[in-house]
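>>> Just the structure for this:
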Amino acid sequence: MLSKKQKEKIVEDLADKIKRQKVLVFSEFRGLKVAEMRELRKKLREEGIDYKITKKTLIKLALKESKTDADVPKFEGSLALAIGYDDIIAPPKIIAKFSKEHGKLKILGGILDNKFLSAAEVLELAKIPSREELLSRLLVIFNSPISGFVRVLDGNLRNLVGVLNAIKNNN
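Residues are numbered from 1 along each chain as shown. Below you'll find the predicted structure:
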């Protein structure tokens, strides 16, 4: 049993994390084995994402203290928060992938820009390519015209060499 002081500390810490977050994903983890939970936490930690499991009443107090306007519904079951600070795509993507692989983790919703997202909206957010993927696609798009231009110039040079060889052979 937690003392009132411990609960206040948890709420204060969680409210601070919620204030700094760019995206937050609510999930239910009931049925996950300890090893699976450890694996999930490791994947999230590698991306700089906090994964907090706390009582729903403390989460509700932390949301209120952090002045998050999101209208969060009452969730059933065990509740965990994946809190992302830098990348808004990484937390939903990791949770969705893990949920698909293990089946017992269930996405309940999320918060983005102080607005509540349904589970379906979080899954749609998870489908967006990562920043690195988008940058590599952009690089390909930028290089495409240049590559085409080089091929055209190369073709013209090849044709010129062919014409010069034909003239040489005819003389």
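>>> all contacts plus neighbour counts: C-alpha atoms, from now on.
Noted.
>>> just for this protein, where's the confidence low?
Within the chain, the segments meeting pLDDT under 70 span 69-73, 171.
>>> change it to 50
Within the chain, no stretch has pLDDT under 50.
>>> Specify the residue ranges that define each domain of it.
Per automatic domain parsing, the structural domains of the chain span 4-128, 130-171.
>>> For these, state which one has the densest average packing.
Most buried of those, by mean neighbour count (mean count of other CA atoms under 10 Å): domain 4-128, with a mean of 17.
>>> Do a quick rundown of the helices in this structure.
With helices called from DSSP state H, the chain shows them at 4-20, 34-46, 56-65, 90-102, 119-127, 131-170.
>>> Next, format these as CSV and append distance to residue 77.
Formatted as CSV, the helices of the chain follow (distance: least, CA to CA, whole Å):
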stretch, distance to residue 77
helix 4-20, 19
helix 34-46, 16
helix 56-65, 9
helix 90-102, 16
helix 119-127, 15
helix 131-170, 33
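>>> Ok, which of the ones you listed comes nearest residue 76?
In terms of CA to CA, the element of the helices of the chain nearest to residue 76 is helix 56-65, at 9.3 Å.
>>> quick one: which of the helices of the chain is nearest residue 26?
helix 119-127 (8.7 Å).
>>> Kindly export that closest one (C-alpha atoms) in CSV.
Only the C-alpha atoms of helix 119-127 are listed here, as CSV (Å, rounded to 0.1, in the frame of the first residue of the first chain):
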residue,chain,number,x,y,z
ALA,A,119,-7.4,3.3,-30.6
ALA,A,120,-8.1,3.3,-34.4
GLU,A,121,-6.5,6.8,-34.7
VAL,A,122,-3.4,5.6,-32.8
LEU,A,123,-3.2,2.6,-35.2
GLU,A,124,-3.4,5.0,-38.2
LEU,A,125,-0.7,7.1,-36.6
ALA,A,126,1.4,3.9,-36.3
LYS,A,127,1.1,3.4,-40.1
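>>> so what secondary structure elements neighbour it?
If you count contacts as 3 or more CA pairs under 8 Å, 6 or more residues apart in numbering; DSSP states H and E, helix 119-127 packs onto helix 90-102, strand 106-112.
>>> picking up where we left off before, what about the helices of the chain, which gets the closest to residue 108?
Once these are compared by CA to CA, helix 119-127 is nearest, at 5.0 Å.
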